[in-house]
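Asks: Here is a sequence with its predicted model. Questions after.
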Amino acid sequence: MARHKVVEIPASNLKKEMTKILLEKGYILNYKFMDDGKQGIIKIALKYDPVSKTPAIKHLSRVSSPGLRRYTGYRSVPRVLNGLGVAILSTSRGVMTDKEARNAKVGGEVLCYVY
């Protein structure tokens, strides 16, 4: 929302996997992992529309929090904007999107919604 070109976040394995999903789905331009001797940093190049300058990520909401975890079975995996958005889940088979979880028939913790 602040119209930054590049953002830096502290790295973790979960954040790396979520960044890979955002790149695959076209919500970010690129990312780069930098090792700083501690936990590392992820540099993310954000994506904007070249004409109207609107961001590719219009809304990102965290669903599960440390105080209240949200879990779902594979039959009730949420659909975001009737399939136009992406729900990111942490499953026993790794971090994946809602469509991949439905196809693999696994449930898990709903991390966030992106559209």
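Replies: Looks like it came in fine.
Asks: burial count for Val110?
Replies: Here the count is done by other CB atoms under 10 Å, and Val110 has 21 residues near it. Heads up, the C-betas are built off the backbone N, CA and C, glycines and all.
Asks: where's it relative to Ser65, distance?
Replies: 11 Å (CB to CB, to the nearest Å).
Asks: and what of Leu89?
Replies: Note on Leu89: its distance to Ser65, by CB to CB, is 15 Å.
Asks: Which of the two has more residues huddled nearby?
Replies: Shown here are Leu89 and Ser65; by other CB under 10 Å, Leu89 has more neighbours (30 against 9).
Asks: Distance check, the more buried one against Ser61.
Replies: According to CB to CB, Leu89 and Ser61 sit 14 Å apart.
Asks: Also Ala45?
Replies: Ala45 sits 22 Å away from Ser61, going by CB to CB.
Asks: just Met1 next, same as before
Replies: 13 Å.
Asks: Excluding chain neighbours, what is closest to the residue nearest to the spatial centre of the chain?
Replies: For the chain, the residue sitting closest to the mean C-alpha position, by CA atoms, centre = their mean, is Met18 at 4.2 Å. With sequence-adjacent residues excluded and distances taken as CB to CB, 6 or more residues apart in numbering, Met18 is closest to Ile88, at 5.8 Å.
Asks: The one you found: neighbouring residues, count only.
Replies: 25.
Asks: and after the lengthiest helix in the chain, which helix or strand comes next?
Replies: Longest helix of the chain, by residue count under DSSP state H: helix 13-24. Next along the chain after helix 13-24, taking DSSP states H and E as the criterion, comes strand 28-34.
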